[in-house]
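J.: Build me a structure from this.
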Amino acid sequence: MDFEAILDGLLGGNIVILLLAGFILLCVYLGIRIVPQSQKFVVERFGRLKSVLGPGINFIVPFLDRVAHKISILERQLPNASQDAITKDNVLVQIDTSVFYRILEPEKTVYRIRDVDAAISTTVAGIVRAEIGKMDLDEVQSNRDQLIVQIKRSVEQAVDDWGIEVTRAELLDVNLDQATRDAMLQQLNAERARRAHVTEAEGQRRAVELAADAQLYAAEKSAEARKIQADAEAYATRAVAAAIAENGLEAAQYQIALKQVESIALMGQSAGTQTIVVPADAADAFGKAFQMLKGRG
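T.: Residues are numbered from 1 along each chain as shown. Next up, the predicted model:
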């Protein structure tokens with residue numbers, strides 16, 4: 001009987017030890033939390049926020065603390081949204097947008113907003129309509145980058161209390177109704193025609209300018225040629241005057257007589273010439289030339 005009692009006591013003690021070891025292992029299992037790199041865990045104690053666990057190994061109090069929310073901190077993209085807006089010049093446009101965001105503070109996101117995607121989509125739609133309403137249609141189409149920056153800044157300010165960071169906002173397309181498109185096409189064609197007329201007029205004006213420049217250049221060159229000719233004639237006149245002054249009047253008469261004789265000789269040598277025209281004073285010219293030649297000899 002004593003042996004059986006001892007055996008029962010040992011068995012009872014081993015069970016207690018096993019139960020204690022199992023409880024310890026369960027506490028260790030429940031107290032250690034390994035958080036992936038792409039997530040954050042929100043821990044509650046008795047229904048209230050206790051802490052936020054970052055990536056890696058974390059410890060909590062078993063049976064008192066529990067992981068209430070596992071939040072991904074990866075960047076997310078909202079589904080492409082399309083909303084109508086009216087520009088400052090009363091043109092109805094359809095704007096296609098896309099927003100990228102990520103959660104930085106899960107405790108704010110969990111306890112302040114229920115549906116994050118729906119809340120951001122509604123906020124973006126309102127901001128887009130407000131910003132489009134401040135601009136004319138031409139400004140919307142030409143300043144798209146500036147509009148995207150303004151939308152992103154406004155969305156960031158609106159969702160700051162939710163612990164969210166807006167990483168990127170895209171304005172995918174600006175669509176117009178058919179009537180507005182037709183009017184813009186007509187305006188574009190008119191602008192192209194105007195540019196063509198302006199280009200043609202500028203070409204004609206340039207051609208006239210070039211023609212005038214050419215005439216002016218020709219006139220300038222002709223004036224220069226006349227000036228050069230006049231200078232040459234003046235130089236020849238001065239040379240003759242200097243020769244007369246140096247050699248006297250007889251030298252000039254001698255040159256004139258020689259020219260007359262040469263002209264008569266050329267006329268006599270011409271082919272088919274049978275009649276020789278001799279000036280009335282030819283004999284005098286010959287005599288004067290002979291006397292001058294003799295006097296020079």
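J.: List the beta-bridge partners for Arg77.
T.: Check again: residue 77 is Gln, not Arg. For Gln77, the residues forming beta bridges with it (DSSP bridges) are Phe100.
J.: Just list the residues touching it, thanks.
T.: If you count contacts by C-beta atoms under 8 Å, 6 or more residues apart in numbering, Gln77 has them with Ser98, Val99, Phe100. C-betas here are computed from N, CA, C, even on glycine.
J.: Not counting sequence-adjacent ones, nearest residue to Arg102?
T.: What sits nearest to Arg102 in space, not counting adjacent residues and going by C-beta to C-beta, 6 or more residues apart in numbering, is Glu75, at 4.5 Å.
J.: need the helices for this protein, in chain order.
T.: Shown for the chain, the helices assigned by DSSP state H span residues 2-31, 106-112, 116-132, 137-142, 144-159, 178-247, 249-269, 282-296.
J.: burial measure for Lys40, as a count.
T.: The local packing count at Lys40 equals 21, with neighbours defined by other C-beta atoms under 10 Å.
J.: Check the gap between it and Thr109 for me.
T.: Remark: distance between Lys40 and Thr109 (C-beta to C-beta, to the nearest Å) = 10 Å.
J.: same thing with Leu210?
T.: Between Leu210 and Thr109 the computed distance is 73 Å (C-beta to C-beta).
J.: higher neighbour count, those two?
T.: Between Leu210 and Thr109, counted using other C-beta under 10 Å, Thr109 has the larger neighbour count: 22 against 10.
J.: isn't that one right up against Trp162?
T.: Yes - the pair Thr109 and Trp162 qualifies as a contact (C-beta atoms under 8 Å) at a distance of 5.5 Å.
J.: any shared contact partners between the two?
T.: By C-beta under 8 Å, 6+ apart, Thr109 and Trp162 have these common neighbours: Val116.
J.: hmm, back to that, can you pick the most crowded of the contacts of Gln77?
T.: Each of the contacts of Gln77 was scored by neighbour count (other C-beta under 10 Å); the top score is that of Val99, with 24 neighbours.
J.: what separates Glu107 from Thr167, distance-wise?
T.: Per C-beta to C-beta, Glu107 is found 20 Å from Thr167.
J.: wait, Gly31
T.: 35 Å.
J.: what do you get for Val159?
T.: When distances are taken as C-beta to C-beta, Val159 and Thr167 turn out to be 12 Å apart.
J.: Common neighbours of these two, please.
T.: Overlap of the contact sets of Val159 and Thr167 (by C-beta under 8 Å, 6+ apart) consists of Tyr101.
J.: Specify which residue of these two has the higher count of neighbours.
T.: Val159 (22 against 14).
J.: so that one touches Thr122, yeah?
T.: No - at 10.9 Å, Val159 does not count as touching Thr122 under the criterion of C-beta under 8 Å.
J.: returning to what we had before: which residues do Lys40 and Thr109 both contact?
T.: For the pair Lys40 and Thr109, residues contacting each of them under the criterion C-beta under 8 Å, 6+ apart are Ile71, Ile103.
J.: who touches Val99 in this structure?
T.: Contacts for Val99 (C-beta under 8 Å, 6+ apart) come out as Gln77, Leu78, Ile120, Ser121, Val124, Val155, Val166, Arg168, Ala169, Glu170.
J.: hmm, 6 Å instead?
T.: Contacts were defined as C-beta atoms under 6 Å, 6 or more residues apart in numbering; by that measure Val99 touches Leu78, Val124, Ala169.
J.: now those residues in JSON lines, with distance to Glu220?
T.: Conversion of the contacts of Val99 to JSON lines gives the following (distance: C-beta to C-beta, whole Å):
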{"residue": "Leu78", "distance to Glu220": "75"}
{"residue": "Val124", "distance to Glu220": "71"}
{"residue": "Ala169", "distance to Glu220": "66"}
